[in-house]
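Q: Sequence first, predicted model second:
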Amino acid sequence: MTLSELIIQCKRQDVKAQAALYERYSGTLFSICLRYSPNYVEAEDNLQDAFITIFRKINQFKDKGSFEGWMKRITVNTVLQKYRSQKVYDLKDEGQLEAEEEPTVESDGVPLSFLLKIIQELPDRYRLVFTMYVMDGYSHKDIGELLGISDGTSKSNLARARNILKNKIDAYNAEKE
């Protein structure tokens with residue numbers, strides 16, 4: 001079945017088509033959920049919530065642009081909405097750091113599984129900003145609007161996330177030596 005046919009059937013609430021859509025895209029969307037979630041179990045819950053939203057809103061997709069991109073936006077927004085309701089990033093402005101003060105994260109020689117693990121261990125507010133900025137390419141302005149924080153707080157949280165990650169990577173590399 002083509003993607004267009006699958007979308008049409010899902011718009012008709014065909015359960016088999018919904019299962020096929022889930023099967024086709026759950027891996028891609030789960031990787032997004034893993035990046036935004038503090039652990040595997042919560043990522044699974046977020047994936048289910050995202051698919052519920054996708055199936056509920058599928059009639060709003062008008063065949064303009066990428067369907068996968070549309071689902072990815074819904075997934076990110078679903079996860080952010082969950083954290084927004086939990087107020088995990090209800091922060092005061094922590095001030096703006098100068099660009100030269102922001103540490104960088106070098107990942108050469110560090111396994112991807114380790115990187116994912118330490119990203120998931122970040123405090124929620126840092127993990128969300130880091131994931132949105134570094135992995136999904138949001139600007140600080142967009143992050144601020146989506147999370148209800150200032151651009152400066154977004155920059156500060158990104159710098160702190162990078163610093164935490166850098167320290168964990170340095171410790172990992174030191175153990176290997």
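A: Great, that's in hand.
Q: mind listing what H140 touches?
A: H140 makes contact with Y133, D151, S154, K155, L158, according to C-beta atoms under 8 Å, 6 or more residues apart in numbering. C-betas here are computed from N, CA, C, even on glycine.
Q: Tabulate those (a markdown table), appending neighbour count, pLDDT and secondary structure.
A: What follows is those, written out as a markdown table (neighbours: other C-beta atoms under 10 Å; pLDDT from 0 to 100; DSSP: H, G, I helix; E, B strand; the rest coil):
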| residue | neighbour count | pLDDT | secondary structure |
| --- | --- | --- | --- |
| Y133 | 20 | 93 | helix |
| D151 | 16 | 91 | helix |
| S154 | 30 | 93 | helix |
| K155 | 23 | 94 | helix |
| L158 | 20 | 95 | helix |
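Q: Now render those residues as JSON lines, adding distance to E42.
A: Converted to JSON lines, those look like this (distance: C-beta to C-beta, whole Å):
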{"residue": "Y133", "distance to E42": "21"}
{"residue": "D151", "distance to E42": "28"}
{"residue": "S154", "distance to E42": "22"}
{"residue": "K155", "distance to E42": "26"}
{"residue": "L158", "distance to E42": "22"}
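Q: Nearest to Q18 among those residues?
A: Y133 (32.8 Å; C-beta to C-beta).
Q: got the contact list for the closest residue to the closest one other than its chain neighbours?
A: Excluding its sequence neighbours, the residue lying closest to Y133 (C-beta to C-beta, 6 or more residues apart in numbering) is L158, at 5.3 Å. Contacts for L158 were tallied using C-beta under 8 Å, 6+ apart; they are E102, Y126, V129, F130, Y133, V134, H140.
Q: ok, now how distant is L158 from C33?
A: 21 Å (C-beta to C-beta, to the nearest Å).
Q: ok so, going back, nearest to I52 among the contacts of H140?
A: Of all the contacts of H140, the one with the least separation from I52 (C-beta to C-beta) is Y133, at 27.3 Å.
Q: How much space separates the closest one from D49?
A: As defined by C-beta to C-beta, Y133 lies at a distance of 23 Å from D49.
Q: again with Y40
A: 15 Å.
Q: Between these two, tell me which one has more neighbours.
A: Using other C-beta atoms under 10 Å, the more surrounded residue of Y40 and D49 is D49, with 17 against 13.
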